[in-house]
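Peer 1: Build me a model:
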Amino acid sequence: MNSGPSSSHSPADVRAQAARRRTFAVISHPDSGKSTLTEALALHARAIGMAGAVHGKAGRRATVSDWMTMEQERGISITSAALQFEYRDCVFNLLDTPGHADFSEDTYRVLSAVDSAVMLVDAAKGLEAQTMKLFEVCAHRGVPIITVINKWDRPGMEPLALMDEIQERTGMLPTPLTWPVGQSGDFRGVLDRLTGEYTKYTRTDGGANLAGEETFAPETAAELEGEAWTTAVDESDLLDMEDQNHEEATYLEGKSTPVLFASAVLNFGVHKILDTLVDFAPAAEARPDAAGEPRPVDAPFSGFVFKVQAGMDSNHRDRLAYVRVCSGVFERGMVVTHAATGKPFATKYAQQVFGRDREVIDEAFPGDVVGLVNASALRVGDSLYIERKVEFPSIPTFSPEHFMVIRAKDSSKYKQFRRGIQQLDHEGVIQVLRSDLRGDQAPVLGAVGPMQFEVVEDRMNNEFNAPSTLERLNFSLARRTVAEDVPTLARERSVEVLSRSDGELLALFSDRWRLQGVERAHPELTLEPLVVS
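Peer 2: Residues are numbered from 1 along each chain as shown. The predicted model follows:
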């Protein structure tokens with residue numbers, strides 16, 4: 001039995017609330033300043049009082065969004081954090097993501113739950129390998145991108161050269177909304193290309209507090225900054241000549257990307273990012289189901305799980321499923337249907353999550369992210385609904401390229417070992433592969449990047465109290481296969497077939513040459529690439 005939305009919310013109310021939402025991800029190459037920007041945006045929206053240091057160095061604050069011990073020690077984001085705050089008349093749902101390529105699967109899941117993205121580009125390094133991958137994923141998923149050239153307070157590339165690189169390598173036309181006054185390393189402020197005004201920034205102590213901002217007319221800016229202002233105006237005029245001006249339609253279609261210049265660590269240009277999201281980023285709208293039919297935002301409640309995370313609170317040892325609300329009103333305590341099983345699911349414990357901090361949430365609207373506590377039945381990609389059934393598109397998994405066997409060091413702790421492996425599998429931290437030959441006591445772990453194994457080892461030791469040993473296997477790629485082909489593959493050297501927990505059969509190969517040899521010898525075999533689609 002399902003309980004519907006509160007009668008206090010009419011369809012018009014739900015549509016109005018959805019229109020206020022801006023649900024976006026902050027994505028980029030490692031060390032481009034994602035967590036720093038997350039803090040700065042929350043600071044400017046007055047969701048927090050002071051921005052934390054993000055470098056993970058001894059004696060400095062950890063960012064609010066980085067809660068895992070490994071994240072704080074290394075100064076990187078391994079998991080994704082969901083932060084909600086209000087700015088102007090909008091409700092922001094900001095999803096911070098891992099930048100490290102080893103955790104790209106988690107980033108991809110987050111991109112399935114957002115309506116737009118803020119892409120950070122390092123002013124000195126330009127478009128790096130992981131940045132390009134993320135541009136491609138956003139393009140594939142139809143996620144419009146606002147680009148922020150970060151770290152303009154440090155020496156870097158020429159701004160026009162950065163614009164050329166973005167256009168040449170992504171195919172998107174960069175349409176700067178602001179233009180820097182002062183070369184990289186001498187960040188004085190920005191020219192607002194829509195108004196012609198100058199916003200001058202004043203540095204604060206360590207960037208922990210709001211930076212000072214003053215706005216001046218062009219004539220005053222010329223007196224204040226002299227040649228730096230003249231250069232900015234001349235370069236902006238060149239952009240005009242090339243028609244590199246913002247158009248909402250091409251931005252939403254992914255053909256252009258608005259560009260802003262900022263220094264997240266100094267809080268320079270952060271207000272402008274917030275304003276741009278309010279003014280131009282898409283609100284929560286009807287999302288297509290698995291059949292491609294849009295589910296209207298004012299339809300009965302529906303949502304999907306894009307992330308599962310445990311170990312966030314050492315006091316409770318609970319498990320949190322992140323649900324993107326797609327339609328209707330979520331109300332704490334409502335009974336929804338789990339689309340994968342058809343069974344009812346009670347939502348008694350629902351929370352908003354701000355890094356380690358949580359608060360109980362009583363209701364949520366399309367675009368919001370709800371954390372369901374102790375949702376042991378839920379897995380990444382699961383859909384939830386009331387009344388009219390809906391299933392949203394599944395979230396594809398990446399093809400693993402690194403494989404290790406894991407075993408419990410202490411056989412008396414096998415129960416903890418098994419529970420830990422199951423939990424990490426459900427969260428999508430690692431892909432768990434099994435075979436009758438190896439047995440449940442020695443599952444094979446498949447990973448996109450080797451750092452995933454470090455996370456597994458750390459959490460098995462400290463969270464599940466099941467110290468484990470990992471042994472590398474000599475495989476480097478996987479292909480999807482079918483049961484009738486298993487006997488043939490089993491006779492081939494340097495090949496092993498294992499079953500993934502979602503039921504897929506994966507054939508592992510030592511290298512690409514071994515795969516090609518098997519394909520030549522047995523062209524009738526089913527050996528399909530595992531690709532993100």
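Peer 1: which residue of the protein sits farthest from its center?
Peer 2: residue 223 (43.3 Å; CA atoms, centre = their mean).
Peer 1: A strand includes it, no?
Peer 2: No - checked against DSSP: H, G, I helix; E, B strand; the rest coil, residue 223 lies outside a strand; its state is helix.
Peer 1: what's the distance between it and residue 171?
Peer 2: 41 Å (CB to CB, to the nearest Å). For glycine as for every other residue, the C-beta is placed from the backbone atoms N, C-alpha and C.
Peer 1: With residue 237 instead?
Peer 2: 25 Å.
Peer 1: and what of residue 367?
Peer 2: Using CB to CB, we find residue 367 at a distance of 28 Å from residue 171.
Peer 1: again with residue 460
Peer 2: Noted for residue 460: a distance of 43 Å to residue 171, by CB to CB.
Peer 1: more crowded one of the two?
Peer 2: Neighbours were tallied for residue 460 and for residue 171 using other CB atoms under 10 Å; the higher tally belongs to residue 460 (25 against 11).
Peer 1: Mind checking what secondary structure the more buried one has?
Peer 2: Following three-state DSSP, the label given to residue 460 is helix.
Peer 1: Then residue 445?
Peer 2: Secondary structure of residue 445, reduced to three states by three-state DSSP: strand.
Peer 1: Residue 152 versus that one, what's the distance?
Peer 2: 41 Å.
Peer 1: same question, residue 525
Peer 2: As judged by CB to CB, residue 525 and residue 152 stand 54 Å apart.
Peer 1: Settle it for me: which of these two has more neighbours?
Peer 2: Taking neighbours as other CB under 10 Å, residue 525 and residue 152 compare with residue 152 leading, 28 against 18.
Peer 1: Report the secondary structure state of that one.
Peer 2: Under three-state DSSP, residue 152 comes out as coil.
Peer 1: residues contacting it?
Peer 2: By CB atoms under 8 Å, 6 or more residues apart in numbering, residue 152 lies in contact with 123, 180, 184, 187, 261-263, 268-269.
Peer 1: pLDDT weak spots in the chain?
Peer 2: Scanning the chain for pLDDT under 70 picks out the ranges 1-7, 30-32, 45-81, 98-104, 205-209, 310-318, 353-357, 531-533.
Peer 1: what are the ranges of the helices in it?
Peer 2: Using DSSP state H, the helices assigned to the chain run over residues 11-20, 34-44, 69-74, 104-111, 129-141, 159-170, 218-225, 227-241, 248-252, 270-280, 414-427, 451-462, 486-490, 512-521.
Peer 1: Residue 289 against residue 389, yeah?
Peer 2: No - with contacts counted by CB atoms under 8 Å, residue 289 stays clear of residue 389, the gap being 9.4 Å.
Peer 1: between those two, who's got more neighbours?
Peer 2: Taking neighbours as other CB under 10 Å, residue 289 and residue 389 compare with residue 289 leading, 20 against 12.
Peer 1: Enumerate every residue touching the more buried one.
Peer 2: Residue 289 neighbours (CB under 8 Å, 6+ apart): 295, 390-393.
Peer 1: Using JSON lines, lay out those residues together with distance to residue 229.
Peer 2: Shown next, in JSON lines, are those (distance: CB to CB, whole Å):
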{"residue": "295", "distance to residue 229": "50"}
{"residue": "390", "distance to residue 229": "54"}
{"residue": "391", "distance to residue 229": "56"}
{"residue": "392", "distance to residue 229": "50"}
{"residue": "393", "distance to residue 229": "49"}
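Peer 1: Turn the residues you listed into JSON lines, including distance to residue 277 and neighbour count.
Peer 2: Shown next, in JSON lines, are the contacts of residue 289 (distance: CB to CB, whole Å; neighbours: other CB atoms under 10 Å):
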{"residue": "295", "distance to residue 277": "24", "neighbour count": "20"}
{"residue": "390", "distance to residue 277": "28", "neighbour count": "25"}
{"residue": "391", "distance to residue 277": "30", "neighbour count": "17"}
{"residue": "392", "distance to residue 277": "24", "neighbour count": "24"}
{"residue": "393", "distance to residue 277": "25", "neighbour count": "16"}
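Peer 1: Just name the closest of those residues to residue 165, please.
Peer 2: Taking CB to CB as the measure, residue 165 sits nearest to residue 393 out of those, at 32.6 Å.
Peer 1: Ignoring the adjacent residues along the chain, who's closest to that closest one?
Peer 2: Leaving aside its sequence neighbours, residue 393 sits nearest to residue 290 (CB to CB, 6 or more residues apart in numbering; 5.1 Å).
Peer 1: And for residue 37?
Peer 2: Leaving aside its sequence neighbours, residue 37 sits nearest to residue 264 (CB to CB, 6+ apart; 4.1 Å).
Peer 1: Can you get me a residue count around that neighbour?
Peer 2: Residue 264, neighbours per other CB under 10 Å, totals 29.
Peer 1: what's the spacing between it and residue 372?
Peer 2: According to CB to CB, residue 264 stands 31 Å off from residue 372.
Peer 1: and what of residue 478?
Peer 2: Residue 478 sits 31 Å away from residue 372, going by CB to CB.
Peer 1: related to what we said a few turns ago, quick one: buried ones out of the contacts of residue 152?
Peer 2: Buried subset of these (neighbour count, 16 or more other CB atoms under 10 Å): 123, 180, 184, 187, 261-263, 268-269.
Peer 1: tell me, how many neighbours does residue 12 end up with?
Peer 2: Counted by other CB under 10 Å, the residues lying close to residue 12 total 9.
Peer 1: show me the contacts for it.
Peer 2: residue 298.
Peer 1: same question, residue 363
Peer 2: 6, 329-332.
Peer 1: between those residues, which is closest to residue 497?
Peer 2: Lowest distance from residue 497 to the contacts of residue 363 (CB to CB) belongs to residue 330, with 41.6 Å.
Peer 1: Go ahead and confirm that closest one touches residue 370.
Peer 2: Yes - counting by CB under 8 Å, residue 370 is a contact partner of residue 330 at 5.6 Å.
Peer 1: what about these two, which has more around it?
Peer 2: residue 330 (26 against 23).
Peer 1: Show me the beta-bridge partners of the more buried one.
Peer 2: Beta-bridge partners for residue 330, by DSSP bridges, are residue 364.
Peer 1: same check, this time on residue 373
Peer 2: Counting by DSSP bridges, residue 373 forms beta bridges with residue 320.
Peer 1: Run a quick neighbour tally on it.
Peer 2: For residue 373, using other CB under 10 Å, the count is 18.
Peer 1: any idea how far residue 304 is from it?
Peer 2: 18 Å.
Peer 1: so who does residue 530 touch?
Peer 2: By CB under 8 Å, 6+ apart, residue 530 lies in contact with 396-400, 478-480, 506.
Peer 1: In the residues you listed, find the pair that's most separated.
Peer 2: Distance extremes for the contacts of residue 530: the farthest pair is 396 and 479 at 14.9 Å, using CB to CB.
Peer 1: quick one, which of those two is more surrounded?
Peer 2: Taking neighbours as other CB under 10 Å, residue 396 and residue 479 compare with residue 479 leading, 22 against 15.
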